[in-house]
Each structure stands twice: as structure tokens, then as C-alpha cells.
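[1] build the 3D model from these lines:
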Amino acid sequence: NDNSESSLLPLKDLTLLEIGAGTGLVSIAAALGGARRVIATDYESIPLTLLRYAATTLNGIDSVADNKDEQTKNHDSTCTITTTFFDLRDFQRPLPPGNIVVATDILYEPLTGKAMAHRAVEALRRGSRFILGDSPGRPGRESFLKELKRLAPELQANFVVSPGRSCVGKRHDLICGEGSESISTEEPRPLNVSILDLRPK
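    Numbering: from 1, shown residues only. Okay, here's the model as predicted:
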């Protein structure tokens, strides 16, 4: 990849919202990359606890807060990263704020893919950029694209393949089931990752 400044996602003065942050690789990278504010969400508490630990202890990010208010209306604006509970399939809850909404490696099942399509449209309609990263073979991608086309037929939604590398070591079967291409036992190997980048009109 081109490492020039122009190839990087500009984050200065922006708020990045990560849906399904897990242990927070994207959120931590965004905070270190200059985002004004990062809101990392998940529907489980353990990943968010691990995210806070990784941000402060392993990456030296001083300003990390836990906020259990799913709508994130009263967050301390000085926080670099705020973690909060959010279930993307609960449509009674609006998306938390964010100039850029990001989700990666989340299309594990068709229902999640369908829900993610609704959140993509919600983000775009409020003026947020929406970026979705997906590993090969996730079963929710087809339902995501089908629902997105139904909700917003005017969108040109095409995943672009980007070269990446596999993870090394054992991972849980839910994340990397039998025959998964995203893990390697000893050395990382080339792995194509698909990126969808939608911008509001």
C-alpha cells in the first residue's frame, strides 16, 4: 500500500464511531491517528473491558472512559476513547454520534448483515461516512448487500478488495470457523480483505 499522507483516512477534528468494536483495534488506531473523539461500541462488556485495558496499558492512551449510556449523549468531550454498550440490531436505539461510522469483520451471520444495512443507511442519511471491512467468506455479506439495495437502491455499494495479512494463532470457532482463511498457524500469509466506503451525498 501507498504510505503517503494522502492515502490515510483524515481523522483530525472528527469523531469516529466503531460498531462491534470487539477488543478495539480500529478504535485504538483512530485515537492514535488523531481523531478528536472515538466512541467504541459493543453489545458485550468483556470486549470493552479488554479494549480499555489495551488502550491505556498497551498503547499509552490516557483518556479512556466507560459510559453505559447507549445513546452517548453526555460523554465527556475531552475523552479520546469512550466505550459504550450498543446492539446494532436494537432499532429502538439510534446510532451514537460520529462523522465516520466504521465496522470491521462483523458480518458473521445473515441477521447481523441485514441489521448492518439499516445502520449504514441511518449513518448516510444523517451525514456520516460509512466504512465496512469484511473478511472472505462471512455469511452475512450477501444479506447485507441485499438489504442495502432494498433500503437504498440508488447507492452504488461495491466492496473493493485490499491486500492484507492473516492472523497467527488459534482463534474462537465463532470468529474463524472450520476452513477459515483469516488465520495461519505459524506465519502470516497474504489475505484479501474487502472494504466498502460509502459517503453521504
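[2] could you say what helices and strands the lengthiest helix in the chain packs with?
    Longest helix of the chain, by residue count under DSSP state H: helix 110-125. The helices and strands touching helix 110-125, judged by 3 or more C-beta pairs under 8 Å, 6 or more residues apart in numbering; DSSP states H and E, are strand 100-104, strand 129-134, helix 141-151. For every residue, glycine as well, the C-beta is placed using N, CA and C.
[3] which other helices and strands does the first one contact?
    Going back to what we said before, that points to strand 100-104. So strand 100-104, by 3+ C-beta pairs under 8 Å, 6+ apart, packs with strand 15-18, helix 25-32, helix 110-125, strand 129-134.
[4] try 6 Å
    On a contact count with 3 or more C-beta pairs under 6 Å, 6 or more residues apart in numbering; DSSP states H and E, strand 100-104 meets strand 15-18, strand 129-134.
[5] likewise the last one?
    Under the contact criterion of 3+ C-beta pairs under 6 Å, 6+ apart, helix 141-151 touches helix 110-125.
[6] enumerate the positions of the helix it packs on that are buried.
    Buried residues in helix 110-125, defined by neighbour count with 16 or more other C-beta atoms under 10 Å: 110, 112-124.
[7] picking that back up, quick check: which of the helices and strands packed on strand 100-104 is buried the most?
    Among the helices and strands packed on strand 100-104, strand 15-18 has the highest mean neighbour count (mean count of other C-beta atoms under 10 Å), at a mean of 27.
[8] helix, strand or coil for residue 84?
    Classification of residue 84 using DSSP: H, G, I helix; E, B strand; the rest coil returns strand.
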